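Peer 1: here you go, sequence then predicted model.
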Amino acid sequence: MSAIIVKNLRRDYETTIGIIKKEKKIVNAINDISFEVEKGEIFGLLGPNGAGKTSTIKILTTLLAPTSGEALVLGHKCFGEEKELRKKINFIFGGERSLYWRLSAYDNLSYFCDLYQVPEKIKKDRIINLLEMVELKDRAHYKVETFSKGMKQRLQIARGLVNDPEILFLDEPTIGLDPIGARTLRKIIKQLSSQGKTILLTTHYMQEADELCDRIAIIDKGKLFALNTSEKLKENIDSSVIEVDLHTLKEDTLSKLKSIMNVTRVVANSYDLGHKLVIDCRNPREIMGLVNQQLSDNMVKSIVMREATLEDVYFKIIGGDHCA
Ligand SMILES: Nc1ncnc2c1ncn2[C@@H]1O[C@H](COP(=O)(O)OP(=O)(O)OP(=O)(O)O)[C@@H](O)[C@H]1O
């Protein structure tokens, strides 16, 4: 049985707008989403702000009731069987909430172990092992308020593991971390996965999703638009990219490029020192000659061909060309 089963899930929020004349408004955060996550998988939820990722995680971690549909985690209903489920899962929301800054790293973990009723005889070893895993053993008895953001994020991960959960939910785990801090955290996430833990995470960093996730779901406005491995998602958009850096860009160049057969999209961005064109296309080698021809009136700095990245897939899907 899959670790997570989501069927036709829907969540509406009721809010009021207006100051004097209050008006009720229904916000549809999740709109008929279905997917499954296998045991041991790292599963990524990608989507723009407001897509419904956090609401989905909140339902799966029993913090929010669905409006309709089904959400089963480890065979338990997320709404109705919360008590059994909570022992087997844990979650970490990005940022630095849920740690006690005046307590040491060790005392924080000890407190959370007590909340989860971790038996005394295994508690100490578990805390030491977790601190070692998140590279904070030498800081065990320092107060959290003296920690850097990266150290706090790593301690959050340890906090999320005190009950040895089968599934860990991570909402933007590397938000605000420097590249080295983020890399350390990704290493820890991979290590957890190799120990057999199932991980569902959200991220706005495409490279991170590409590196970490076995499968990726792309959602927008509460709907699921694509679900596959990163490789398949890239393959499915059946597109390569020609990137052009230019000193100058003539007005009619874009329409000329768009008229080339097998060019599916051209996006231009201007910078202080020039312009950049991203040309989505099929068979880039065959059309390179024509592209060069249409660019001949411009001052080209460089032109390169590359395969589509996950970011290209994301832009293609979220940018309007929805394709499942
Ligand atoms: N408590 C709430 N009351 C009303 N609307 C809400 C509430 N929580 C979320 N929403 C709305 O539901 C939609 C989905 O929000 P959600 O936080 O799930 O998105 P998200 O994908 O996690 O976004 P982000 O990447 O910004 O965290 C948004 O339109 C949001 O404004």
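Peer 2: Everything's here; your move.
Peer 1: got a list of what Leu192 touches?
Peer 2: Leu161, Leu168, Ile199 (Cβ atoms under 8 Å, 6 or more residues apart in numbering). Backbone N, C-alpha and C define where each C-beta goes, glycine included.
Peer 1: what residues of whatever helix or strand it lives in count as buried?
Peer 2: With the criterion set as DSSP states H and E, the secondary-structure element containing Leu192 is helix 179-194. Neighbour-count burial for helix 179-194 flags Gly181, Ala182, Thr184, Leu185, Arg186, Ile188, Ile189, Leu192, Ser193 (criterion: 16 or more other Cβ atoms under 10 Å).
Peer 1: turn these into a markdown table, including distance to Thr229 and pLDDT.
Peer 2: As requested, those are exported to a markdown table (distance: Cβ to Cβ, whole Å; pLDDT from 0 to 100):
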| residue | distance to Thr229 | pLDDT |
| --- | --- | --- |
| Gly181 | 27 | 84 |
| Ala182 | 22 | 88 |
| Thr184 | 25 | 89 |
| Leu185 | 22 | 87 |
| Arg186 | 18 | 93 |
| Ile188 | 22 | 90 |
| Ile189 | 17 | 93 |
| Leu192 | 20 | 92 |
| Ser193 | 15 | 94 |
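Peer 1: the following helix or strand past the helix holding Leu192 vs the ligand: in contact?
Peer 2: Scanning forward in sequence from helix 179-194, with DSSP H and E defining helices and strands, the next element found is strand 198-202. No. Contact between strand 198-202 and the ligand, assessed by Cβ under 6 Å from any ligand atom, is absent, since the two come no nearer than 6.6 Å.
Peer 1: list the buried residues of the next helix or strand after strand 198-202.
Peer 2: Secondary structure here is assigned by DSSP H and E; on that basis, the next helix or strand after strand 198-202 toward the C-terminus is helix 206-212. By neighbour count, and taking 16+ other Cβ under 10 Å as the criterion, the buried residues in helix 206-212 are Met206, Glu208, Ala209, Asp210, Leu212.
Peer 1: quick check: closest non-adjacent residue to the third one.
Peer 2: The shortest distance from Ala209 to any residue that is not its chain neighbour, by Cβ to Cβ, 6 or more residues apart in numbering, is 4.4 Å, and that residue is Gly44.
Peer 1: the one you found and Glu38, how far apart?
Peer 2: In this structure, Gly44 and Glu38 are separated by 14 Å, where distance is defined by Cβ to Cβ, to the nearest Å.
Peer 1: more crowded one of the two?
Peer 2: More crowded of Gly44 and Glu38, by other Cβ atoms under 10 Å: Gly44, with 25 against 13.
Peer 1: contacts for the helix or strand encompassing the more buried one next, please.
Peer 2: Taking DSSP H and E as the definition, Gly44 sits inside strand 42-46. If you take Cβ under 8 Å, 6+ apart as the criterion, strand 42-46 is touched by 4, 37, 53, 56-57, 189-190, 193, 198-204, 206, 209, 212-219, 314.
Peer 1: contacting residues around the helix or strand hosting Lys7?
Peer 2: Taking DSSP H and E as the criterion, the element that holds Lys7 is strand 4-17. Under the criterion Cβ under 8 Å, 6+ apart, residues 22-37, 43, 52, 55-56, 59-60, 64, 66-73, 167, 198, 200, 222 lie in contact with strand 4-17.
Peer 1: next, the angle from that strand to strand 198-202.
Peer 2: Between the axes of strand 4-17 and strand 198-202, defined by axes from the mean of the first three to the mean of the last three Cα atoms, to 10 degrees, the angle is 30 degrees.
Peer 1: now strand 4-17: buried residues?
Peer 2: Using 16+ other Cβ under 10 Å as the test for burial, strand 4-17 gives Ile4, Ile5, Val6, Leu9, Arg10, Arg11, Asp12.
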